[in-house]
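Engineer: Any chance you can model this:
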Amino acid sequence: MGVLLARVEARNTSAPARMRRATGQAGPTAALIGAATLLAIGIEGYHPYAEDGGIYLAGVKRLLDPALYPHDSAFAMEPARWSVFAPAVAQAVRLTHAPLEWVLLALHMASIWATLLAVWLLVGRCCALWQARAGAVALMACWLGLPVAGTALYVMDPYLTARSFATPAMLLALVGALDATAWDQAAQRRRRGWALWAAGLTVCALVHPLTGLYATVVSMLLASARVPDRRSWRWRMAAACAAVFAASTFAQHLAPAEDPAYVRAALTRSYWFLSEWRWYEVAGLVAPLAILSAMGWWVRPAPARGEDEGACARRALARMAVISGLLSCMIAAAFAREDAATHLVARMQPLRIFHVVYIVMVVMLGAWLGERVLKQLAWRWATALVVLGGVMFGAARAEYSRSDHLELPWTAAKNPWVQAFTWIRANTPQDALFAMDADYIHAPAEDAQSFRAIAERSALPDSSKDGGEASIAPDLADQWVRGVAAQTGLDSISDAQRAVRLKPLGVTWLVLDARAHTAFDCPYTNARVRVCRLP
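Structural biologist: Numbers count the residues shown, from 1 in each chain. Below is the predicted model of the structure:
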């Protein structure tokens with residue numbers, strides 16, 4: 001794909017001269033994107049074991065050492081069931097002979113660099129000036145940690161997951177779609193566009209199949225929006241939306257019946273259901289659609305300039321984002337409901353298509369900011385980076401307040417939960433089975449750090465992250481229900497009650513809150529956590 005990108009960018013000699021002005025030299029472009037990558041990591045932080053990063057990392061560790069997680073391998077490996085991400089990371093560790101933590105950091109930096117490169121290429125199809133490209137890259141670097149409405153997604157995560165590589169692949173597919181549908185350009189350029197489109201969608205589907213599905217839908221809508229004739233593009237867009245809605249209807253009505261355990265797991269995913277969203281999360285759907293509607297329908301080129309290729313691409317991109325956002329809202333309202341007979345469409349999380357909507361919004365706002373406001377004035381650029389990046393830096397620090405902002409391989413963890421999990425990895429048997437409060441991941445100072453990934457020990461399923469896996473994989477639901485029931489309120493019950501609940505499940509160790517009352521032998525204790533043997 002790297003060779004293909006180089007050809008798409010370097011050989012695009014048929015583009016208008018004003019579009020080529022933004023291309024520049026490869027060296028300065030690479031340096032700019034490299035600096036923006038470091039800026040992005042500095043603002044968003046790096047937490048490799050947190051949230052979904054820990055989920056994926058457990059699967060990678062299991063592939064590297066099959067003896068890990070003997071009691072809960074199904075939960076450890078579930079994210080690798082349909083994705084090549086975990087096997088690819090494990091293979092990278094084997095080939096490089098480098099420690100896993102260093103490989104994760106390198107791949108995380110590479111994924112951000114690839115995303116910003118894809119933004120650079122995408123804006124180059126829409127805007128003529130170098131300042132527009134630089135503005136889009138800079139704003140994306142500052143706002144990678146922007147939450148996507150109420151979908152439980154960020155624009156990009158501060159840790160490595162399958163989405164880390166699916167995101168740039170999706171953006172490159174959009175670049176390819178714009179080139180493939182540049183009807184007034186040379187056939188060679190369109191052929192390269194088709195190749196990049198196909199390559200981007202293929203990588204996206206292999207790494208993160210759900211994102212691959214969304215990327216296919218939005219790139220189809222983008223191609224429909226590129227038709228020059230106004231009446232024709234409207235009909236094509238309507239036909240594409242009708243096909244997607246019909247497919248959702250068909251899937252919902254043919255979905256198999258669900259058992260009560262799975263329904264319980266599904267209903268814990270509040271971000272699947274619009275009725276569970278708070279008002280500001282709903283506002284997070286409306287605001288980007290309003291901004292992009294202004295860009296896609298209301299803004300007109302100056303009469304003297306006419307409608308050039310860049311303006312056409314920009315308008316098509318905005319219209320695609322608005323239509324796809326509205327379509328996902330319609331599908332969610334119609335099928336993703338708590339009282340639905342089945343939750344198959346809800347499981348597909350149609351509102352997560354707003355991930356694309358947010359990226360397009362940030363790209364277009366950044367391009368506008370660079371071209372119209374910042375221009376070539378260094379003090380304006382510096383002020384914008386401090387203000388826009390500072391706000392997101394503060395939000396990132398608040399999110400992981402008890403952890404280092406950059407949890408790098410050579411730094412010692414200061415988070416008390418991570419310290420306890422690290423002690424467990426070094427001082428307990430590899431075949432131990434742990435239990436802890438079912439909602440431990442939301443405990444004070446825990447910062448959503450993953451026990452399974454850090455401690456490298458088996459654990460009963462928790463209500464949060466393992467609940468997410470059970471909601472995607474119905475065959476895990478029964479095991480999840482039993483594990484959550486056994487661990488609910490574990491810190492507040494007596495030792496006798498703990499033994500009655502946990503011994504039948506084979507539990508041998510406990511992680512308790514430091515304030516929990518127990519007479520069990522607890523060889524490790526810190527200010528927040530104690531690790532105890534179950535007799």
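
Engineer: continuing past the host helix or strand of Ala215, what's the next helix or strand?
Structural biologist: Ala215 belongs to helix 209-225 when assigned by DSSP states H and E. Using DSSP H and E, the helix or strand that follows helix 209-225 in sequence is helix 230-254.

Engineer: Pull out the CA atoms of the very next helix or strand once past that following helix and give them to me as CSV.
Structural biologist: Next in sequence after helix 230-254, counting helices and strands by DSSP H and E, comes helix 260-267. Extracted in CSV, the C-alpha atoms of helix 260-267 (Å, rounded to 0.1, in the frame of the first residue of the first chain):
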residue,chain,number,x,y,z
PRO,A,260,-32.0,-14.1,28.5
ALA,A,261,-28.3,-14.1,29.4
TYR,A,262,-27.4,-12.5,26.1
VAL,A,263,-30.2,-9.9,26.4
ARG,A,264,-28.9,-9.0,29.8
ALA,A,265,-25.4,-8.4,28.3
ALA,A,266,-26.8,-6.4,25.4
LEU,A,267,-28.8,-4.1,27.6
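
Engineer: helices or strands next to the next helix or strand after helix 260-267 in the packing?
Structural biologist: Next helix or strand after helix 260-267 toward the C-terminus (DSSP H and E): helix 279-293. Applying 3 or more Cβ pairs under 8 Å, 6 or more residues apart in numbering; DSSP states H and E, one finds that helix 279-293 contacts helix 309-335, helix 354-368. Using the backbone N, CA and C atoms, a C-beta is placed for each residue, glycine as well.

Engineer: Tabulate these in CSV, adding columns for mean pLDDT and distance to Ala287.
Structural biologist: Converted to CSV, the helices and strands packed on helix 279-293 look like this (pLDDT from 0 to 100; distance: least, Cβ to Cβ, whole Å):
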stretch, mean pLDDT, distance to Ala287
helix 309-335, 89, 11
helix 354-368, 94, 8
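
Engineer: How is this structure partitioned into domains?
Structural biologist: According to automatic domain parsing, the chain comprises the domains 2-45+98-376, 416-533.

Engineer: quick one, which of these is nearest to Ala74?
Structural biologist: Closest of the domains of the chain to Ala74 is domain 416-533, at 6.0 Å (criterion: Cβ to Cβ).

Engineer: Kindly check the end-to-end length of the closest one for me.
Structural biologist: Using Cα to Cα, to the nearest Å, the span of domain 416-533 from its first residue to its last is 19 Å.

Engineer: where's that domain relative to the chain centroid, distance-wise?
Structural biologist: Relative to its chain's centre, domain 416-533 lies at 26 Å (Cα atoms, centre = their mean, to the nearest Å).

Engineer: same check, this time on stretch 120-128
Structural biologist: Distance of stretch 120-128 from its chain centroid, counting by Cα atoms, centre = their mean, is 23 Å.

Engineer: again with stretch 255-269
Structural biologist: Centroid separation between stretch 255-269 and its chain, computed with Cα atoms, centre = their mean, is 24 Å.

Engineer: Tell me the spacing between the residue lying closest to Ala36 once chain neighbours are set aside and Tyr159.
Structural biologist: Nearest residue to Ala36 in three dimensions, chain neighbours excluded: Ala141, at 4.2 Å (Cβ to Cβ, 6 or more residues apart in numbering). From Ala141 across to Tyr159, the span is 17 Å (Cβ to Cβ, to the nearest Å).

Engineer: ok, the two, which is more surrounded?
Structural biologist: Counted by other Cβ atoms under 10 Å, Ala141 and Tyr159 do not tie: Ala141 has more neighbours, with 30 against 25.

Engineer: Thr342 versus the more buried one, what's the distance?
Structural biologist: Taking Cβ to Cβ, one finds Ala141 at 41 Å from Thr342.

Engineer: before we move on, the earlier item: with distance to Pro66 added, can I get the domains of the chain in TSV?
Structural biologist: Shown next, in TSV, are those (distance: least, Cβ to Cβ, whole Å):
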stretch	distance to Pro66
domain 2-45+98-376	15
domain 416-533	11
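
Engineer: follow-up on the earlier one: point out the most buried one among the helices and strands packed on helix 279-293.
Structural biologist: Neighbour counts (mean count of other Cβ atoms under 10 Å) averaged over each of the helices and strands packed on helix 279-293 peak at helix 354-368, with a mean of 25.

Engineer: If you count contacts, what does that one end up packed against?
Structural biologist: Applying 3+ Cβ pairs under 8 Å, 6+ apart, we find helix 354-368 packed against helix 100-124, helix 130-142, helix 162-180, helix 209-225, helix 279-293, helix 309-335.

Engineer: Tell me which of the ones you listed lies nearest to Ala80.
Structural biologist: Closest approach to Ala80 among the helices and strands packed on helix 354-368 (Cβ to Cβ): helix 162-180, 9.2 Å.

Engineer: now the angle between helix 100-124 and that closest one, please.
Structural biologist: Angle of helix 162-180 versus helix 100-124, following axes from the mean of the first three to the mean of the last three Cα atoms, to 10 degrees, is 20 degrees.

Engineer: what's the angle from helix 162-180 to helix 354-368?
Structural biologist: Helix 162-180 runs at 60 degrees relative to helix 354-368, counting by the same axes, to 10 degrees.

Engineer: Now helix 162-180: average pLDDT?
Structural biologist: Average pLDDT, helix 162-180: 94.

Engineer: same question, stretch 477-497
Structural biologist: 94.

Engineer: contacting residues for the most centrally placed residue in the chain?
Structural biologist: The residue lying closest to the centre of the chain (Cα atoms, centre = their mean) is Arg163, at 4.5 Å. Arg163 sits next to Asp52, Leu153, Met156, Asp157, His208, Thr211 when contact means Cβ atoms under 8 Å, 6 or more residues apart in numbering.

Engineer: Closest one of the residues you listed to Leu174?
Structural biologist: Thr211 (12.7 Å).

Engineer: give me the number of residues near the nearest residue to the closest one once chain neighbours are set aside?
Structural biologist: Nearest residue to Thr211 in three dimensions, chain neighbours excluded: Ala166, at 4.0 Å (Cβ to Cβ, 6+ apart). Look at Ala166: counted by other Cβ under 10 Å, it has 27 neighbours.

Engineer: thinking Ala166 is in contact with Leu213, fair?
Structural biologist: No: here Ala166 does not reach Leu213: they are 10.7 Å apart, not a contact under Cβ atoms under 8 Å.

Engineer: hmm, back to that, Trp368: which of the contacts of Arg163 is nearest?
Structural biologist: Comparing the contacts of Arg163 against Trp368 with Cβ to Cβ picks out Met156 as the nearest, at 21.1 Å.

Engineer: I'd guess the closest one is in a helix, am I close?
Structural biologist: No: Met156 sits outside any helix when classified using DSSP: H, G, I helix; E, B strand; the rest coil, being coil.

Engineer: contacting residues around it?
Structural biologist: Counting by Cβ under 8 Å, 6+ apart, Met156 touches Ala40, Glu44, Ser111, Ile112, Thr115, Leu144, Gly145, Arg163, Ser164, Thr167.

Engineer: Ala455 versus Asp72, what's the distance?
Structural biologist: Counting by Cβ to Cβ - Asp72 and Ala455 are separated by 12 Å.

Engineer: do you know how far Leu122 is from Arg190?
Structural biologist: 17 Å.

Engineer: Between those two, point out the one with more neighbours.
Structural biologist: Leu122 (24 against 17).

Engineer: shouldn't the more buried one be in contact with Ala173?
Structural biologist: No: counting by Cβ under 8 Å, Leu122 does not reach Ala173; the two are 10.3 Å apart.

Engineer: what about Ala398, helix or strand, and which?
Structural biologist: Per DSSP H and E: helix 378-399 holds Ala398.

Engineer: Only the buried residues of that helix, if you could.
Structural biologist: Trp381, Ala384, Leu385, Leu388, Gly389, Met392, Phe393, Ala396, Glu399 (16 or more other Cβ atoms under 10 Å).
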